[in-house]
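K.L.:
coordinates only, no sequence provided:
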């Protein structure tokens, strides 16, 4: 009969943040479907920098403006907002046969003398709605589809399945540059003066577009807000899929109960920090680091958790400790008396402590080992018919795991967010684990049990 050595973490560190899909809240602004929200600009329109700016021609007459390789498809005053002139332009690059759609919105009054370009998200170059935030603040604003419709990457191949380099270049950088040149030219045509300053605003793909603008066309913008730029796409795409792929191929997904506890606890503790309890944490990254909310305070197991730990201890025939964990336990448990019987059981069990420096022990039934931890642990597994239990002691795990001496890992996951912690496995150790049990106790603590899978041949 194979004897199983359990590694039980009496404290586990939860460093997972769970995302929620949220309906846009009033006052927060919503992005067009498929696009990330653009970085916020400002609450009030900036002061005009072109004195007494007023149109020198009608909105409709912009359809007659001549621009290189560009056709003005439409130029009309917005039927829902007569203060906005909306222009759609199509730019091509013969003989490639590509088609870059550009959307420009220009205030018909109260132009602030500035141009604002806007980015997209994912494989979407941008959208017609991308201009709305800027034009509402008095900017002449622009956006583009960057040469293709929708959010698929199919544009990268032509009808024959070959690489469509012009379409790739349009999405990479040409589309945003053409939008910028067209937008500034149309603003100048309407007002008779060029924009005094130009800015770009984008997030994710929009952030990447902003970086490309700065590197390839530094003359286009005076300032660029490139939030969360999606760069190094070969790595980014593979890394985005790797976690899901690995969990699927190993049939070992992150337990839903773990994510549920993390989500519920984080929202309960931090939701109100922005002054509005709406189920949205405004700053999930900074909430612990900045000390804005407390998810790291004292946490006590409830009755079901205590019952499980007592049953686990009763099933064990011996305990194995590292030096630090042993010292902490030995300083407390010999003097503890409890009605449940946990103290009596832990004090009576044979205890082994791995240490090369410990000379004297005061806790009864303790034996010091560690001259050859792997050999001595192998011998212990042959000696006992029941479980040998490790409490904490990550150093013991690091020493034994490479030799396949740990058969099961039991992690008590507390609803606590920490910014850092020790690795369960050393960086050079590859362990194949299978989730064998997941249960949530009445106090919100989650038990995750993993079986160590045999090494592959």
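P.N.:
In hand now; what should we look at? Source: prediction; values computed, not measured.

K.L.:
what residues of stretch 181-198 count as buried?
P.N.:
181-191, 195, 198 (16 or more other C-beta atoms under 10 Å). To be clear about C-beta, it is placed using only N, CA and C from the backbone, and glycine gets the same treatment.

K.L.:
for those residues, which one is nearest residue 108?
P.N.:
For the buried residues of stretch 181-198, the minimum distance to residue 108 (C-beta to C-beta) is 8.4 Å, reached by residue 190.

K.L.:
circling back: point out the ones among the buried residues of stretch 181-198 that are inside helices.
P.N.:
If you go by DSSP state H, those have 181-191 in helices.

K.L.:
low-confidence ranges in the protein?
P.N.:
Counting by pLDDT under 70, the ranges of the chain that qualify are 1-40, 258, 261-262, 283-302, 415-423, 425-431, 442-444, 455-457.

K.L.:
quick one, domains of it?
P.N.:
5-16+254-452, 60-237 (automatic domain parsing).

K.L.:
which one of those is the most hemmed in?
P.N.:
Compared across the domains of the chain, domain 60-237 shows the largest average neighbour count, a mean of 20 (mean count of other C-beta atoms under 10 Å).

K.L.:
in the stretch 301-450 of the chain, which spans are strands?
P.N.:
Taking DSSP state E, counting those that start in this stretch to define them, one finds strands in the stretch 301-450 of the chain at 316-322, 351-354, 366-369, 387-391, 408-417, 433-440, 446-452.

K.L.:
export those strands to a markdown table and append columns for distance to residue 226.
P.N.:
Formatted as a markdown table, these follow (distance: least, C-beta to C-beta, whole Å):
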| stretch | distance to residue 226 |
| --- | --- |
| strand 316-322 | 47 |
| strand 351-354 | 51 |
| strand 366-369 | 57 |
| strand 387-391 | 48 |
| strand 408-417 | 29 |
| strand 433-440 | 39 |
| strand 446-452 | 39 |
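
K.L.:
nearest to residue 159, out of these?
P.N.:
Smallest distance to residue 159 across the strands of the stretch 301-450 of the chain (C-beta to C-beta): 46.3 Å, for strand 433-440.

K.L.:
counting by contacts, list what the closest one packs against.
P.N.:
Here strand 433-440 touches helix 256-270, strand 446-452, going by 3 or more C-beta pairs under 8 Å, 6 or more residues apart in numbering; DSSP states H and E.

K.L.:
who does that strand pair up with?
P.N.:
strand 446-452 (antiparallel) (DSSP bridges).

K.L.:
to the chain's geometric centre, what's the distance from the partner strand?
P.N.:
24 Å (C-alpha atoms, centre = their mean, to the nearest Å).

K.L.:
also stretch 396-409?
P.N.:
Remark: stretch 396-409 is offset 31 Å from the chain centroid, using C-alpha atoms, centre = their mean.

K.L.:
kindly report the same for stretch 167-182.
P.N.:
Centroid separation for stretch 167-182 versus its chain: 28 Å, with C-alpha atoms, centre = their mean.

K.L.:
and stretch 127-147, by the same measure?
P.N.:
For stretch 127-147, the separation from the chain centroid amounts to 27 Å (computed by C-alpha atoms, centre = their mean).

K.L.:
ends of that stretch, what's the gap?
P.N.:
Start-to-end span of stretch 127-147 (C-alpha to C-alpha, to the nearest Å) is 11 Å.

K.L.:
try stretch 124-140
P.N.:
End-to-end span of stretch 124-140 (C-alpha to C-alpha): 22 Å.

K.L.:
before we move on, the earlier item: in CSV, list the ones in helices among the buried residues of stretch 181-198 along with distance to residue 211.
P.N.:
Shown next, in CSV, are these (distance: C-beta to C-beta, whole Å):
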residue, distance to residue 211
181, 19
182, 21
183, 19
184, 20
185, 24
186, 25
187, 24
188, 26
189, 29
190, 30
191, 30
